[in-house]
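K.L.:
how does the following fold in three dimensions:
(chains A, B and C)
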Amino acid sequence: MKVDEAPAAADAPVPPPIKSARQIRWVRRRKALGRIWATYRRNPLGMIGLVVLIFFVGVATYSVFMDKSQLQKTYVTEESIAPCTFATLPCPPSPNNPLGTDKDGRSVLALVIEGSRVSLMVGLTASVIAMVVGSAIGILAGYIGRWPDSVLMRFTDFFLVIPWLALAIVLASIFGQNLVVLIAIIGFTSWPGTARLVRAQTLSVREHLFVERSRALGASNSQVVLRHLLPNVMPVIFANTILTVAIAILSESSLSFLGLGDPRRITWGTMIDAAFDAGAISIGAWWWLMAPSLCIVLVVLAFTLCGYALDEIINPRMRER
Amino acid sequence: MGTQRYLLGKAGQAVLTLLFILTFNFFLFRILPGDPVRLLTKGTGQRLSVEEQAQLREELGLNQPLFPGQYLTYMGQTLRLDLGESSIVAPGQPVTSVFFEKLPKTLLLVATSTAASILFGVLLGIYGGWRRGSAGDLTGMTGSLVLYSIPEFVLGIMLLLLFAVTFQLFPTGGFESAVGDRTGIARALDIARHATLPWLTLTLAYIGEFVLVMRSSLLDVLGEEFIQLARAKGLREKWVLRRHAVRNALLPTVTLIALTFGFVLGGAITVELVFSYPGVGLMSFEALEGRDYALLQGTFLFFSIGVLIANLLADLIYAYVDPRVRTA
Amino acid sequence: MSVLSVKDLRVTYRTQGGDVPAVRGVSFDIEKGQVLGLAGESGCGKSTIAGAILRLHASKTKIEGDIELDGQKVLDLTPGKLRAVRWTGASIIFQGALHALNPVRRIGDQIAEAIQIHGLAGEREAKVRAGELLEQVGLPPRRVDDYPHELSGGQKQRVMIAMALACNPSLVIADEPTTALDVMVQAQVLRLLKALQTDLGLAMLFITHDLSVLVEVSDRLAVMYAGKIIEEGPANQVFHSPMHPYTQALALAFPEIGDDRFRRKPGGLGGDPPDPQAIPSGCPFHPRCPKRFEPCDDIVPELWDAGEHRTAACLLVPGAPTVATTGAVGAVEP
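P.N.:
Numbering: from 1, shown residues only, chains lettered A, B, ... in the order given. Have a look, this model is predicted:
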């Protein structure tokens, strides 16, 4: 200590107010999120995926406000399909219809924009269902352990054995073809992967002492689960859900292509189905097929890249040697 | 000794799973909303008189209680491979015969494409892991991610548009040329030509996963200490790779094979549709379109059993490669 | 001629965060039949040296200096000659025998492999030899067909030792061979190592952080800190009358029952070893040193004479040059 340091003045600064436990938790969470974002930003592939996703979300949002008359076959006019005529439909891309038209003269661009909303919504909703079901089963199995764990895991493994598309076809053929049914089918058949992952994470978190300690302190099971287990399992669930959305979108497109989609709605899958059925391949109407196809590929790729990028942050593996 | 126990255990599990599948199948169609008789005849457009309906009901055992009556009848019939008759796709023909008639064509496609996916996927994955960061590795990874993101039927359509329509290198579909009676090698070549694009589609559709998993697990293994030891002993890099790294890295891939097979079967359905390839996949689609429930149910059952067999095979291979599972 | 002669070895890792100098100028010799113990905390660079001797590091790691094994300059060897020297000139017993053995191959095969690739025997003879080696380390020869997961930790370590002897090397490098083992097993393995070393007349470099182990096994002892050797000499002397303050603290951390020094003073040293990318000026130990005085943060000490056949890198040893000081801050003990 140096001699020339003056003693603190009488009006020393007031110490910061004591934060409540909840406030501290939130500050910590925000900081953690900030750190995650900083790391994520440095992942080029993850950023590309994110940009593409934001773009498509923008497109989907736009579809809400878009002029829906473009989607009606009755609104097709001679000028809307120029420079083609009714006899030369479907029309290749032109300045009037940048992505060409379908066999009824509707602008493929408009169809794709509309389809983006529905496809994304189906994908997101179905994967949320899968996430909820899978996580519930995974946490239950991992936390309770013993025979409920064995039973649940048998059940899960069994579901993994069933060929997915075959099951989905059977269910869709029985329960009808509408969007809600489709979402339900995809959601209630895609949970096994999530369940296994969540169970593994739950098991490893459960090993941690703080769970034991909080039990020793007298916390009830639900408190332990909510306060300690969930926050540590959520990151894994979140990263996995993103990958599940990708799978859900792929699933919906397959089901729609097989004619199981909702005939009253437009998704990228139903577009491809319609194009295929109309013989677009032999006509050579590649634009009608490729526009929705490319959208599917881009969106699925984007979700996959984001999911992997997040997964790397959450499960860092040291590979540098 | 441990191996036997392990395999018996796996076989036992398979039997149990088979039981689950059969039961699941049973409930799936019995808990349909609506009258099963009406569902069965819905698509055919037949209209049965009340007596005929009653007779059908009797035949199908629908007058018995669901459990155990109908269940046992169903189990008995299924185990005798009596899965009913197709109503739309091949009216009157037993489901089993319809299915097995078309199966060889699909097997040709699925077996060869799965083999190719695994073989080339593993090789590319090894290369990518060994030469990490190289141009080849980055290309492989990018390609794999992109291929993974393309639905199988979209890939099929792309290949169709490109090679069959634009460049006219391959036929646009079917199993063999309708015209001409070729025999022997000429016929085999013709069949091969028709099967090429569907085969390529299925191979490319699933190769990506194998590349990524193999690469990832090889990287994990290369960081292990026994690899350092192998080098320290004076082994060449290639030996280190072949004798030590790859064998360990293959393990997750084997597990993946079992998992993927279910998806390959699903992929076969959409791809056969795209290429009008007359296998069980296309048949499933026709059954679906016509609501031929007996055939659908039978197909679902056989597909599930197929995946079960694939799983069992994978367990066998895994036990061969990893001695640790043999000692229970 | 020494079996191993290391002169001014410098190893620098290249990472995303910059260059990391793990070893900054280390020199030592090991004669035939001699055991040199190398001690230090984790991160001081001792395992790096083990890898450097056989050039096991990634190609991007920079290795400079001179390493002579049986008269051959290791750093100048072509890849082919290097592979030939590995295991026959010097072999390594790795730490963590848990993952050092290939889990999907039989241990006999792994031992025999070393013999075969150096052309010392054909397949069948190599297998027989593997069995003999297992016997030498106290395991029944029939266990040659076992898989690693069928062995206990101690048994696996014995297999590692057997493997290390497979090609009759001149030098055996033991890198923390007992760290992962229970105390009882540790003692057994140590006894085995010492017996083998004496019987076969091996030169050995024994690396560990546990000084008390080294006292039993080594002839000479060298202590490392922040990438350099800071004390070296006959094992007994270095352990029982250390000259360098760091060695003193290290010795206190591994109490021996019966040794009076440990009766009342609990051992231990505050602070952490320095980050290799941010090594303190002058003597790298000075921030933690209880005996530091003014010139310590300025002058980089070298290994000066500290007694007969002993050296230490500290200004306080008799062989150190005298330095002018303006006044002592902190205690100075003679």
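K.L.:
stretch B:274-290 and chain A in contact?
P.N.:
Yes: using Cβ under 8 Å from any Cβ of the partner chain, stretch B:274-290 comes into contact with chain A via B:274, B:284, B:285, B:288, B:289. The C-beta positions use only the backbone N, C-alpha and C, and glycine is treated the same way.
K.L.:
with only the CA atoms kept, save that stretch in PDB.
P.N.:
The C-alpha trace of stretch B:274-290 is given here as PDB (Å, rounded to 0.1, in the frame of the first residue of the first chain):
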ATOM      1  CA  VAL B 274     -41.000 -41.100 -59.700                       C
ATOM      2  CA  PHE B 275     -39.500 -43.700 -62.000                       C
ATOM      3  CA  SER B 276     -42.600 -45.900 -62.400                       C
ATOM      4  CA  TYR B 277     -40.500 -48.700 -61.200                       C
ATOM      5  CA  PRO B 278     -42.900 -51.700 -60.600                       C
ATOM      6  CA  GLY B 279     -41.700 -52.800 -57.200                       C
ATOM      7  CA  VAL B 280     -43.400 -53.000 -53.800                       C
ATOM      8  CA  GLY B 281     -42.900 -49.300 -53.400                       C
ATOM      9  CA  LEU B 282     -45.000 -48.400 -56.400                       C
ATOM     10  CA  MET B 283     -47.400 -51.100 -55.300                       C
ATOM     11  CA  SER B 284     -47.700 -49.400 -51.900                       C
ATOM     12  CA  PHE B 285     -48.600 -46.200 -53.600                       C
ATOM     13  CA  GLU B 286     -51.300 -47.900 -55.700                       C
ATOM     14  CA  ALA B 287     -52.600 -49.500 -52.600                       C
ATOM     15  CA  LEU B 288     -52.700 -46.200 -50.900                       C
ATOM     16  CA  GLU B 289     -54.400 -44.400 -53.800                       C
ATOM     17  CA  GLY B 290     -57.100 -47.100 -54.000                       C
END
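K.L.:
one step back: export the residues of stretch B:274-290 next to chain A as TSV, with columns for pLDDT.
P.N.:
Below are the residues of stretch B:274-290 next to chain A laid out as TSV (pLDDT from 0 to 100):
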residue	pLDDT
B:274	93
B:284	91
B:285	91
B:288	87
B:289	85
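K.L.:
can I get the buried part of the residues you listed as one ChimeraX selection?
P.N.:
Restricted to buried positions by 16 or more other Cβ atoms under 10 Å in any protein chain shown, the ChimeraX selection for these reads:
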select /B:274,284,285,288
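K.L.:
chain C contacts on chain B?
P.N.:
Checking chain B against chain C by Cβ under 8 Å from any Cβ, the hits are B:224-226, B:228-236, B:239, B:243-244, B:247-248, B:321-324, B:327.
K.L.:
let me see the contact set for the residue in the stretch 151-300 of chain B positioned nearest to chain A.
P.N.:
Closest to chain A within the stretch 151-300 of chain B is residue B:266: 2.8 Å, counting by Cβ to the nearest Cβ. Shown in contact with residue B:266 (Cβ atoms under 8 Å, 6 or more residues apart in numbering or on different chains): A:163, A:164, A:165, A:166, A:254.
K.L.:
name the nearest residue to it, ignoring sequence neighbours.
P.N.:
residue A:165 (2.8 Å; Cβ to Cβ, 6 or more residues apart in numbering or on different chains).
K.L.:
if you rank the contacts of residue B:266 by neighbours, which is first?
P.N.:
Within the contacts of residue B:266, most neighbours by other Cβ atoms under 10 Å in any protein chain shown means residue A:163, with 27 neighbours.
K.L.:
what's the spacing between residue B:305 and residue B:25?
P.N.:
10 Å (Cβ to Cβ, to the nearest Å).
K.L.:
comparing those two, which residue is more hemmed in?
P.N.:
Using other Cβ under 10 Å as the criterion, residue B:305 and residue B:25 rank with residue B:25 on top: 20 against 17.
K.L.:
quick check: closest non-adjacent residue to the more buried one.
P.N.:
Counting by Cβ to Cβ, 6+ apart, residue B:25 lies nearest to residue B:301, which is 5.4 Å off, once chain neighbours are set aside.
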